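1. could you work out the structure for the sequence below:
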Amino acid sequence: MDVAAQTESMDYGRIGFAAVITPLVTDYQCVGINPANLGFQPVTEVYKLSTPLTTGITRKRRSWSIGIGEAAFSVNSDALARPDLLDALTQTTSTTFSRQDQLKAAEAFANKGLRFSVEGLGLGLAYQSQWWGGIALTVREKVSGSFMFNESAAKLAFQGRYFEYFDSVGVNWRGDSVGYARNPQRFSTLFNGTRLGMNWYREFALSYGVRLVKSEGVDVYVGASAKYLTGYAFLDAEVRSGALVARSALSPLFDIDYGNAITPSRIEGNAFVPVGQGFGFDVGLTVRAGEKLTVAASVVDIGYIRWDGNVFQAKDTILNGLSSEGFASYNIFEEAPKITGEGKFFIWEGLLDVIVDLPTRTRVGIAWQHNKHWRFGLDAVVPGNAVAGALGQPIVSTGVDYRPLSWLRLGTGIGNGGNMGTFIPISISFSLFGGLLETGLASRDIVTFFTTQRPVVSAVIGVVRARF
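-> Just a heads-up that it's a prediction; the model follows:
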């Protein structure tokens, strides 16, 4: 079972792109994808030649790009049908699970789960020169996670003390009925293949790209990004090959109950403050052959975060004694304390710190500019590790970019991977006032609107991007 989360929610939705991005995206939007593209030189664009009867259509050369408020989110599940996933997200119904509903939910989540990612651009600023390359500064908020259950974990979550593992019933000091097991087992035995993972960090990136080689018919661009990260939430609990590894570092705002455990990294209060910091970098290479063909490759998010605030790890202990009657809805975030907080099965111990690699990815892409109206291409993203927040599977997509008017761009394609199965992205962007302002939106998968299985609920919104 593949258990990592997908982290590409914003990549295919950067303004003006649907399924092909690594060789094409430029200015501050290429940060986190391929910094070599910062080396592209801005040019005066001729969309339509003038004739004796018309003046033609041109777009002036624009070197500066500024963006504020771009945002993206993506949630996909191989356990929930589309109506259930939408309800889990919006909580529009107040229905409480019956015992039969809980049995169906436990069956649905057995060896399956839910993945999500959210990304927001606080600030994007770039300048691309004619001679010495381009430079960009970005500030992004990134949240990603994955909740994957094996059969026993799904039954524990949704059936609670009615899970057949608890073959005896007793009453605790408060008068609550409690399920007990006459043959209790350890977490590492019961939950092999289960993983709960989440990352939340803020990324400050400084990037530079430049044309390294210019020859007749071929241009070569290289680039790099340096990143400073401040972390606010980390959770990585996994049982694999008979061993439990469970670590967490959460900002005091989350107010998590760790029982009697104490930690040397404790942060007092309930403020939303960082509990980790780290560094990362990206490298990229792009080759342009004439005006038609572009080939690119990059490696992004190489680095680590050192979590050093409110750090805990859980011991592998015996599971026994549960009073919860199981989740009453698909709101996993709200329901989880029923089996992790109240029961206090986990025996936590404090840590000074823990160092975790970033979810490294390799990207490759190829694009063909057919004419002013049509571009075609292929994009692939391959995970470089299996840390919390990493891609669960490679993503491969092919797409087309159509520009029917000088101010309108449409994009679509087809792809597969990232634990989503087959998906069809779609995007639309508008370039207004001669290219001064740009805005757009995108969806990661329009298949979701026509089928109920393996839904992908996603959206990317570019509030405004100025180029001058």
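
2. for the rest of this, base every contact and every neighbour count on C-alpha atoms.
-> Fine.

3. need the longest strand for the protein.
-> Using DSSP state E to define each element, the chain has its longest strand at strand 218-240.

4. got any ranges where the stretch 51-200 of the chain has weak pLDDT?
-> 53, 90-94 (pLDDT under 70).

5. partners of the longest strand of the chain, with directions?
-> Here strand 218-240 is paired, per DSSP bridges, with strand 195-215 (antiparallel), strand 243-250 (antiparallel), strand 276-289 (antiparallel).

6. pipe those into TSV and attach mean neighbour count and distance to residue 172 per row.
-> Below are the strands paired with strand 218-240 laid out as TSV (neighbours: other C-alpha atoms under 10 Å; distance: least, C-alpha to C-alpha, whole Å):
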stretch	mean neighbour count	distance to residue 172
strand 195-215	21	29
strand 243-250	22	28
strand 276-289	22	39
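
7. the residue lying closest to residue 284 once chain neighbours are set aside: neighbour count?
-> With sequence-adjacent residues excluded and distances taken as C-alpha to C-alpha, 6 or more residues apart in numbering, residue 284 is closest to residue 298, at 4.0 Å. Neighbours of residue 298 under the rule other C-alpha atoms under 10 Å: 25.

8. ok, the residue nearest to residue 251 when sequence neighbours are not counted - contacts?
-> Spatial nearest neighbour of residue 251, chain neighbours left out: residue 232 (5.4 Å); criterion: C-alpha to C-alpha, 6+ apart. With contact taken as C-alpha atoms under 8 Å, 6 or more residues apart in numbering, residue 232 is in contact with 199, 200, 201, 249, 250, 251, 272, 273, 274, 275, 276.

9. same check on residue 118?
-> 9, 10, 71, 72, 73, 74, 141, 142, 143, 144.

10. in helices, which of those fall?
-> Among the contacts of residue 118, DSSP state H puts none in helices.

11. of the residues you listed, which belong to strands?
-> Using DSSP E, the subset of these located in strands is 71, 72, 73, 74, 141, 142, 143, 144.

12. I'd like to check the angle between the host helix or strand of the residue nearest to residue 284 and strand 195-215, please.
-> Assigned by DSSP states H and E, residue 298 falls within strand 293-307. Between the axes of strand 293-307 and strand 195-215, defined by axes from the mean of the first three to the mean of the last three C-alpha atoms, to 10 degrees, the angle is 140 degrees.

13. tell me the SS of the nearest residue to residue 335 once chain neighbours are set aside?
-> Closest residue to residue 335 apart from its sequence neighbours, by C-alpha to C-alpha, 6+ apart: residue 327 at 5.6 Å. Per DSSP: H, G, I helix; E, B strand; the rest coil, the secondary structure class of residue 327 is coil.

14. surely residue 327 meets residue 162?
-> No. Residue 327 sits out of contact with residue 162 when judged by C-alpha atoms under 8 Å, with a separation of 11.5 Å.

15. which of those two has more neighbours?
-> Set residue 327 next to residue 162 and count neighbours by other C-alpha under 10 Å: residue 327 wins out with 25 against 22.

16. what sits up against stretch 411-426?
-> So stretch 411-426 is in contact with 2, 5-6, 12, 16-19, 76-78, 391-402, 410, 427-428, 442-447, 454-456, going by C-alpha under 8 Å, 6+ apart.

17. that one: how far from the chain's middle?
-> In terms of C-alpha atoms, centre = their mean, to the nearest Å, the gap separating the centre of stretch 411-426 from the centre of its chain is 15 Å.
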